[in-house]
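> Build me a model from this:
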Amino acid sequence: MVLELMDRQTLDFRVGRLALPEFWEDMMEQPHQGDLGEANPQEFSQRLGLPFTDYRLLNRALTHRSYLNEHPEALEDNERLEFLGDAVLDFLVGAWLYNHFPEMAEGELTRMRSALVRTEQLADFGVGINLGQAMRLGHGETEGGGRVRPALLCATFEALIGALYLNAGIQAVRDFVEPLLHSAAYQILTDHKDLDPKSLLQEWVQAKGLASPVYHTVASSGPEHEKTFKVEVIVDGNPYGLGIGHSKRMAAKAAATAALKALEIE
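Okay, here's the model as predicted:
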């Protein structure tokens, strides 16, 4: 693995750890409270130094659909911006990895990209910038802990990226995101977090000449703001793992982990 081929100082240099901007070091070290009140979008933007000129667009990026249910004057939620931000992040993270890790093979780059854009990692980025404080949520979602829920933080972070791209262009997104990638990539490599269970299962079935694993959502339950999903993974026509989570993605990851255990794959 790449980590084993580098000494600590070389790895630090490769991911830019030694040059991480002081502003972002300070941001990521701030304590964060679980019970957050709603922050003004303009103040949020100015605190992070984001070059927003259209605060209506930023407002939309921070607006969850539960807020629309209680505020009919709000015209649109952030789901379309989430879609756009997801695509922008995939491109920027892929390009950043390609340029910063020239010794990585394609499979390793793919795993690293997956690790950097997965729900938990994007939620961590959201926590690091106090995104939960700025999110516009309905009362029930707020009472249910929506400001600290990983799936919501991830979705809102992607929407924020989409809005920033539309308002200020790709370079503004790059300036905002790349410092976050520096720190996260270092942690992913040192903790082997790039070994995502879904990726490992995919590699195993490919090596065996089998079709890709198929993930089925077999059940969902609970209120809208706190749903639980149950996902089953099928390998070669047989069920090998069942996972439960508060998003389909998290449940699928748990199902892949169960399948790896059943198949005795390290």
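
> Run the chain-centre distance for the helix or strand hosting Leu180.
Here Leu180, judged by DSSP states H and E, is contained in helix 170-190. Taking Cα atoms, centre = their mean, to the nearest Å, one finds helix 170-190 lying 12 Å from the centre of the chain it belongs to.

> Would you mind identifying the next helix or strand past that helix?
By DSSP H and E, the next helix or strand past helix 170-190 is helix 197-207.

> neighbouring contacts of that following helix?
107, 110-111, 114, 211-213, 233, 235-236, 252-253, 256-257, 259-260, 263, 265 (Cβ atoms under 8 Å, 6 or more residues apart in numbering). The way it works is simple: take the backbone N, C-alpha and C, and place the C-beta from them, glycine included.

> chain center to that helix, what's the gap?
Between the centre of helix 197-207 and the centre of its chain there are 21 Å (Cα atoms, centre = their mean).

> quick one, what contacts the closest residue to Gly138 other than its chain neighbours?
In space, and not counting its chain neighbours, Gly138 is closest to Ser66: 3.2 Å by Cβ to Cβ, 6 or more residues apart in numbering. Residues near Ser66 by Cβ under 8 Å, 6+ apart: Leu137, Gly138, Gly140, Glu141, Gly146, Glu224, His225.

> just to confirm, which helix or strand has Ala259 in it?
Per DSSP H and E: helix 248-262 holds Ala259.

> err, Asn167, not the other one
Per DSSP H and E: helix 150-168 holds Asn167.

> what's that helix packed up against?
Applying 3 or more Cβ pairs under 8 Å, 6 or more residues apart in numbering; DSSP states H and E, we find helix 150-168 packed against helix 55-61, helix 79-100, helix 119-128, helix 131-134, helix 170-190, helix 248-262.

> So for Gln42, which of the ones you listed sits nearest?
Among those, the nearest to Gln42 by Cβ to Cβ is helix 55-61 (5.5 Å).

> quick revisit: the helix holding Ala259 to helix 119-128, inter-axis angle?
Angle between the axes of helix 248-262 and helix 119-128 is 130 degrees (criterion: axes from the mean of the first three to the mean of the last three Cα atoms, to 10 degrees).
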